[in-house]
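Participant: What follows is a predicted structure for the sequence shown.
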Amino acid sequence: MKIGLPRALLYYNYYPLWHAFFEELGCQVVTSSTTSKSTLDRGVMNCVDDACLPIKLFHGHVVDLIGRADAVFIPRLVSICPGEYICPKFIGLPEMIKSSIKGLPELLVLNYNAHRNHKDVHKPYIELGKIIGVKPSKVMLALQKATEKQQAYEMLLRKGQTPLDILKGRKYSKKEECKGIIGLIGHPYLLYDEFISMGIISKLRNRGYDVLVPENIEQSQIEMACSQMPKKLFWSYGKKLLGSGLTMLEEKKVVGIVFLSSFGCGIDAFIVELLQRYNHRQYRIPSALITVDEHSGQAGFDTRLEAFIDMVEWRDEREGYVPPYGTSIFGY
Amino acid sequence: MKVTFPHMGQVYLAIKGLLDDLGIEVVVPPPITEKTLEIGTKLSPEMACLPLKINIGNYVESIQKGADTIIIAGSCGPCRFGYYGVVQKEILKDLGYDVNMIIFDPPNSDYGVFIDKIKKLAGKNSWISVAQAFKRASAIVKEADEMLDIALKKRAREINKGDVDSRLNCFEQEVLSRHGNDEILETIRKYKEILSQVEEKSDVLPLKIGLVGEIYTLIEPYVNLNVEKKLGYLGVEVYRSITLYEWVKLHLSLDVKYRMRHKRILRKAAPYLSLCVGGHAWQTIANTIYYSECGVDGVIQIMPFGCMPEIVAESILPRVYQDYGTPVMTLVVDEMTGEAGYFTRLEAFVDLLEQKRRGRVDGYKEGLFGN
């Protein structure tokens, strides 16, 4: 059985787990091709206009798999942590796909929900196994092996690799003469999709900076940073972005922070707002928000990134000429 | 302590009555206008949803009138409404408004915190008087909704166009000078009586349209550009799927019978969506089916731009239409929405429904959706 894995949304978080799991079950895994203009166009064609870029892109990747796989794997991650959610659109994803795309192959939906109960996390996988026709004992074995792979992957991430480095199989080692570290904050499905992020990681590295991404930050640090919030943040990935941003600011390791967001992302609208306000009040480190959507152009993107790097560099060289600590004549 | 709160349709009647009865000074925010929206849009994050922006406008206008405490409801996700309080407080703080914000989150496990918040608000009042005030306030919500329902029925049938709304305008003027639950309730009852005396045509059979969608945009007339009024003038009888009283019954009371009914309706959505995705997306699907079964002519979904749960519902609704055949139109509102274009779409939709009723339209299938 050929199982299609769309290279979008949480693929970059969980692909070692999902790849290994299906391969252990004796299935062949087909990943959709890397994002291109046509993937995005097909996504936009097959999705409601109001959805955000990553959801449209996911639709595009599913369309890409039609005819190439016997079944398409669609994760419905309601919650990955007790008391938390991911995003309403992630919860309704299988339904959105079913309603919007015609001529779909069979859908393998993983109904993962740890909102109340974190102990039965293997159950949805056993249900998946049932659909494929594999015994629960064999599924458990496969899940165990896959989890080991996932843990090894997460270990590499903590050591400073980005998912892109690992996916491409090139180990990145820190430069000797690095000009500084730039914190890059954004959802994995934006940052590590080189078409969407327009290769922002390699662009920053080519300018002589090291990049720190949320995946590099320890979960315990994220929890600690977010525990200061007046109310528990109930979006797991929103928490990750805010927590890693606050950790980067707190440790004063970064010379600047770039926030990559997609147009229409409801969670980023709040998280970016909070992070910018905290940064402005307390830390005053140069920051930039770059929003991408299906109309974004390379040139405008590069200009903004270059302007940001100039700001970071000039701040050291010619402090007298440039508003040094973020305060401009425009007040905010 | 001068307490204020954000506007949401008729909710101000109940909150004013409640706080009046508890002896708390209350600042009712000025009615939402262009200016409110302008303040909110300027100060809020660009990509935030419309209700947050209007709320901010309400707060600022109330603070300028002397309010120092804001009460709002909360939730625990995944809809963004759950984090409104925190973000709004940060915005107000950066503006230099040091107001006290009391957020009433649903008490999932921590009843202590919830009770503390009520105590903070209630002050010296005894628990019994607090409970009585709540009870009377929920009566206000109930009767105010009944009053609106009468208006919806009458508007589609009134002989002199504008009769209903001129009376409703008088009501809004009059009720602001009333104090306490009892006086407000009395005014509502008086106007229910006045409204039901509006003369109506006897021979009309109005089109029926059900409204579904996001709760705030459904309940607050400024935000949905008075969709009920506009449809009423087009001779349409409007049914509202979500009202304040139903929200109160579902979340604040122990009305088991109503809950069962609610569940039964939700179950209808099972083939399309069988779990809560936050907000009222599930209800949107279920109510669309319910309305189709009840024989309404059309359904209109209203949501603010970028509303995460309703986008899920929006993408599922075409399938419901294919199976049930009741036309559905989605209207998205935000601070850029223009009234003329909006009205044109409503008119066109009502036209289509009229044609359909007369059996004239063939092959317009798929035509009501953007994709």
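Facilitator: Cool, the structure landed.
Participant: how about residue A:207, what does it touch?
Facilitator: A:179, A:309 (Cβ atoms under 8 Å, 6 or more residues apart in numbering or on different chains). (Glycine included, C-beta is placed from N, CA and C.)
Participant: Can you name the residues of the stretch 1-150 of chain A sitting close to chain B?
Facilitator: Applying Cβ under 8 Å from any Cβ of the partner chain, one finds that the stretch 1-150 of chain A approaches chain B through A:47-51, A:55, A:78, A:83-89, A:91-92, A:95-96, A:98-100.
Participant: Are any of those buried, and if so which?
Facilitator: Buried residues within these, counting neighbours by 16 or more other Cβ atoms under 10 Å in any protein chain shown: A:47-48, A:50-51, A:55, A:78, A:83-89, A:91-92, A:95-96, A:98-100.
Participant: residues touching the residue nearest the centre of chain A, list them.
Facilitator: Note on chain A: the residue nearest the mean C-alpha position is residue A:188, at 1.4 Å, using Cα atoms, centre = their mean. Taking Cβ under 8 Å, 6+ apart as the criterion, residue A:188 is in contact with A:10, A:12-13, A:163, A:214-215.
Participant: Strands of the stretch 201-332 of chain A, residue ranges please.
Facilitator: Per DSSP state E, counting those that start in this stretch, the stretch 201-332 of chain A has strands spanning A:210-212, A:254-262, A:287-292. These are given in chain order.
Participant: what's the last one packed up against?
Facilitator: Packing partners of strand A:287-292 (3 or more Cβ pairs under 8 Å, 6 or more residues apart in numbering or on different chains; DSSP states H and E): strand A:254-262, helix A:266-278, helix A:298-317.
Participant: could you give me the average pLDDT of the shortest one?
Facilitator: To tie it back to what came earlier, the one meant is strand A:254-262. Mean pLDDT, taken over the full extent of strand A:254-262, equals 92.
Participant: Taking strand A:287-292 as reference, get the angle to it.
Facilitator: Here strand A:254-262 points in a direction 20 degrees away from that of strand A:287-292 (axes from the mean of the first three to the mean of the last three Cα atoms, to 10 degrees).
Participant: Partner strands of strand A:254-262, with direction?
Facilitator: In the sheet containing strand A:254-262, its partner strands are strand A:181-185 (parallel), strand A:287-292 (parallel), by DSSP bridges.
Participant: Going by neighbour count, list what's buried in the last one.
Facilitator: Residues of strand A:287-292 classed as buried by neighbour count (16+ other Cβ under 10 Å): A:287-292.
Participant: Need those in CSV (columns: distance to residue B:13 and pLDDT).
Facilitator: As requested, those are arranged in CSV below (distance: Cβ to Cβ, whole Å; pLDDT from 0 to 100):
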residue, distance to residue B:13, pLDDT
A:287, 44, 90
A:288, 46, 92
A:289, 41, 92
A:290, 45, 92
A:291, 40, 91
A:292, 45, 90
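Participant: residues in contact with residue 51?
Facilitator: Reading this off chain A. A:89, A:96, A:264, B:311, B:315.
Participant: actually chain B
Facilitator: B:81, B:84, B:216-217, B:220, B:223, B:304.
Participant: closest to residue B:1 among the residues you listed?
Facilitator: residue B:84 (21.4 Å; Cβ to Cβ).
Participant: State the distance from the closest one to chain A.
Facilitator: Plainly put, residue B:84 is 9 Å away from chain A if you go by Cβ to the nearest Cβ, to the nearest Å.
Participant: in the chain, what spans have low per-residue confidence?
Facilitator: Since you didn't name a chain, this refers to chain A. Counting by pLDDT under 70, chain A contains low-confidence ranges at A:118, A:318-332.
Participant: you looked at the wrong chain, it should be chain B
Facilitator: Within chain B, the set of residues satisfying pLDDT under 70 comprises B:107-109, B:360-371.
Participant: for it, longest helix please?
Facilitator: Under DSSP state H, the helix in chain B containing the largest number of residues is helix B:127-155.
Participant: Do a quick rundown of the helices in the stretch 51-200 of chain B.
Facilitator: Along the stretch 51-200 of chain B, the stretches classed as helices by DSSP state H, counting those that start in this stretch are B:84-94, B:111-122, B:127-155, B:163-175, B:180-196.
Participant: after the last one comes which helix or strand?
Facilitator: Tracing the chain past helix B:180-196, the next element assigned as helix or strand by DSSP states H and E is strand B:207-213.
Participant: how far off helix B:127-155 does that next one point, in degrees?
Facilitator: Put simply, strand B:207-213 runs at 140 degrees to helix B:127-155, going by the same axes, to 10 degrees.
Participant: what does strand B:207-213 rub up against?
Facilitator: Looking at what lies outside strand B:207-213 - Cβ under 8 Å, 6+ apart - the contacts are B:218, B:227-228, B:231, B:235-242, B:280, B:283-284, B:287-288, B:291, B:294-303, B:310, B:313, B:350, B:353-354, B:357.
Participant: Can I get the buried part of these as one PyMOL selection?
Facilitator: In PyMOL, selecting the buried portion of the contacts of strand B:207-213, with burial taken from 16+ other Cβ under 10 Å, looks like this:
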select buried, chain B and resi 218+227+228+231+235+236+237+238+239+240+241+242+280+283+284+287+288+291+296+297+298+299+300+301+302+303+310+313+350+353+354
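Participant: Sweet, I'm off.
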